[in-house]
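**Student:** Please find the sequence and the predicted model below.
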Amino acid sequence: MHSDYETLAKMSASLADKIAPLIGQQETADSVIEDLFFYRQTQAATSCSMCVVEPSIALVLQGAKSMTLGEDVFKYDPHKYLITSIDLPAKMQVLEAKDDAPYLGLVLKLDLAMLGELISQVPLDKLNKQSLNKGMTLGKMTEPLLNAFTRLVELVDDPESMPVLAPLIKREIFWRVLNSEHGAELRHIVSTGSQGLRIARSVKWLKENYDQPLSVEDLAGLAKMSKSTFHHHFRDLTSMSPLQYQKRLRLMEARRLMVGESMDASGAAFKVGYESPSQFSREYSRFFGLSPKRDVEAFLATAK
């Protein structure tokens with residue numbers, strides 16, 4: 001067991017050395033490989049930041065990180081990876097990072113079509129295994145999985161092979177996660193006709209239409225469920241109600257508009273679907289801990 005732990009640590013360090021020059025001094029970098037992204041941070045965060053986590057597999061190669069979804073906290077490092085099966089508004093925090101040993105991580109977005117093809121080949125005993133039906137979970141890193149990620153990153157330096165081999169290696173990665181003891185939640189989402197897949201369609205609609213009036217009845221109809229059944233399964237997967245989910249998307253987009261596009265609070269409130277600026281201000285303050293104006297001022301001060 002100890003030798004396995006050391007082997008994974010060495011493999012993670014080697015892969016961290018490979019992505020370090022690819023990301024340079026940036027905090028985020030797209031790779032030339034579709035749906036693969038690199039992340040870097042030189043200081044541990046003193047507080048959480050909000051983000052929408054897309055369906056993905058996330059690895060920490062150096063340092064440690066946490067994602068908070070509702071009451072659940074998912075801490076991961078080179079020995080654990082994060083599986084997110086649907087779009088989820090969550091709190092993110094880098095726990096370990098230094099100037100001489102920055103946090104380094106990578107994220108591979110899920111290809112749900114490819115996963116749907118692969119699931120037909122998963123052994124029946126695993127398909128029938130009950131999952132917790134959560135939209136976010138942790139997996140235990142293995143040498144074969146980390147080896148596959150290493151080979152995927154190495155294709156950056158092999159552009160001739162990339163178009164042929166990248167899809168094959170992604171397929172291997174998805175297969176290993178689907179077929180692992182931690183893949184039940186992911187299988188729940190991509191199984192045709194499953195409740196998870198139907199909730200995922202509703203989540204996709206919410207993400208694309210967060211500024212529209214919300215009708216839980218319509219969402220339940222989209223999922224082909226009764227209102228009570230829909231509400232129950234939605235909360236199971238996302239750790240929040242549909243209304244809370246929409247509210248978080250609205251507030252996070254409003255913050256982006258105020259910080260990134262210099263929009264005032266009232267303009268941002270109306271843009272994301274609020275009819276009352278005062279209600280927006282109250283909900284924003286509860287969510288971010290500061291009024292819209294003070295939050296933007298604090299953000300801009302730290303960015304200088």
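**Tutor:** The structure has been received and is ready for your questions. Numbers count the residues shown, from 1 in each chain.
**Student:** As a check, name the ranges of all strands in the stretch 101-250 of the chain.
**Tutor:** 103-109, 136-140 (DSSP state E, counting those that start in this stretch).
**Student:** between those strands, which gets the lowest average pLDDT?
**Tutor:** In terms of average pLDDT, strand 136-140 trails the rest of the strands of the stretch 101-250 of the chain, at a mean of 93.
**Student:** Show me what it packs onto, helices and strands only.
**Tutor:** Here strand 136-140 touches strand 72-76, strand 80-84, going by 3 or more Cβ pairs under 8 Å, 6 or more residues apart in numbering; DSSP states H and E. Bear in mind the C-beta positions are built from the backbone N, C-alpha and C, glycine included.
**Student:** contacts for the last one?
**Tutor:** If you take Cβ atoms under 8 Å, 6 or more residues apart in numbering as the criterion, strand 80-84 is touched by 53-60, 67, 74, 76, 135-141, 145, 177, 182-183, 185-186.
**Student:** ok, it: who's next to it in the sheet?
**Tutor:** Strand 80-84 has its sheet partners listed here by DSSP bridges as strand 56-62 (antiparallel), strand 136-140 (antiparallel).
**Student:** same thing with the first one?
**Tutor:** In the sheet containing strand 72-76, the strands it pairs with under DSSP bridges are strand 64-69 (antiparallel).
**Student:** For the strand it pairs with, C-alpha coordinates in CSV please.
**Tutor:** Provided in CSV are the C-alpha atoms of strand 64-69 (Å, rounded to 0.1, in the frame of the first residue of the first chain):
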residue,chain,number,x,y,z
ALA,A,64,-4.9,20.4,-2.5
LYS,A,65,-8.3,21.9,-3.2
SER,A,66,-11.9,21.7,-1.9
MET,A,67,-15.3,22.0,-3.5
THR,A,68,-18.3,22.7,-1.2
LEU,A,69,-21.8,21.8,-2.4
